[in-house]
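Student: Provided below are the primary sequence and the corresponding predicted coordinates.
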Amino acid sequence: IGIYIRLFEMLGHCKQPEAATHLFQQMRRNGCEPSTEVYTALLSAYTRSNRLNLALSTFKQMKQQPDCFPNIYTYSLMIKACSDACDFDLVRTLLLEMGSAGIEPNIVTYNSLLDAYGKAGLLDKMENLLLSLINNKVFKPNVWTQNMILKNFGKWGQVTKMEEWYERLTSLGVESDITTLNTLMSVYGKERLFEKMIAVMEYMRRYHYNLDTISYNIMIDAFGKAGMVQQMHKIFNLMKFEGVRPD
RNA sequence: AAACUUUCGCGGC
């Protein structure tokens, strides 16, 4: 059983939803009873390839099986899939369904929903939900919440909002990680705020965050798009000097 | 063992 879950996970990463379907059928022919975990892994393989309809029909099928009750992982996954498709009515249905099943959403569930609002440009909804989570003290935002909030304000050009929320979340005790700082650099790069982008890089070097391939890609990309060739070369040379390999 | 975030790809709609 664990092997099947591992295989579904691998097929998900390789974007092979059809192969996952076949594996599931084969599993059943071999007399293996599906479980919550197996269905969740299968659904994950589907949603990783954005096969929402296939995931929805499989989810329905899952709920008709004995001993295959969706759990918090299953619901979070389905909520993310519906969120990514901007089907917020379906998200609401799933949240209600979870509630009646006695399953409470957690920070991961809300992170998916917050990100979906952000991606759709519904920044007010995103911010209001975040504020209510903070004010109700149900969940502490975590570093994933922070990174996603910063990215979404940045994505829509709201740099000041992004900086305000960075300060606020930091003051609430959320730590920054390499992804946080890469996100800030990416936004500053897109906005052509190169001095801020470089300031983040220097901060990272000063405080011993190891810049990774993504960090350098972000900066090279930003300078490249602006046609700033010698700055681009400087970053490239720094990357070689630091022993980070390009991809 | 299975769910959430940053660059670029690949895949899907």
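Tutor: Great, that's in hand. Numbers count the residues shown, from 1 in each chain, chains lettered A, B, ... in the order given.
Student: please count neighbours and contacts with C-alpha atoms only from this point.
Tutor: Noted.
Student: the closest residue to residue A:224 other than its chain neighbours: neighbouring residues, count only.
Tutor: Computed as Cα to Cα, 6 or more residues apart in numbering, the closest residue to residue A:224 that is not its neighbour in sequence is residue A:232, at 6.3 Å. Neighbour count of residue A:232, defined by other Cα atoms under 10 Å: 20.
Student: check contacts around residue A:232.
Tutor: Residues near residue A:232 by Cα atoms under 8 Å, 6 or more residues apart in numbering: A:219-220, A:223-224.
Student: that one: which element?
Tutor: Assigned by DSSP states H and E, residue A:232 belongs to helix A:229-241.
Student: what strand or helix carries residue A:128?
Tutor: Remark: residue A:128 resides in helix A:123-136, with elements defined by DSSP H and E.
Student: list the contacts of that helix.
Tutor: The contact list for helix A:123-136, computed with Cα under 8 Å, 6+ apart, reads A:114-115, A:117-118, A:139-141, A:152-153.
Student: in that helix, what counts as buried?
Tutor: A:123, A:126-127, A:129-130, A:133 (16 or more other Cα atoms under 10 Å).
Student: determine which two of the residues you listed are furthest apart.
Tutor: A:123 and A:133 (15.2 Å; Cα to Cα).
Student: now the helices: where do they sit in chain A?
Tutor: Taking DSSP state H as the test, the helices found in chain A are A:2-13, A:17-29, A:36-48, A:52-64, A:72-84, A:88-100, A:107-119, A:123-136, A:143-155, A:159-171, A:178-190, A:194-206, A:213-225, A:229-241.
Student: and the helix or strand of chain A with the lowest mean pLDDT with helix A:17-29, angle?
Tutor: Across the helices and strands of chain A, mean confidence by mean pLDDT, DSSP states H and E is lowest for helix A:2-13: a mean of 88. Following axes from the mean of the first three to the mean of the last three Cα atoms, to 10 degrees, one obtains 160 degrees for the angle between helix A:2-13 and helix A:17-29.
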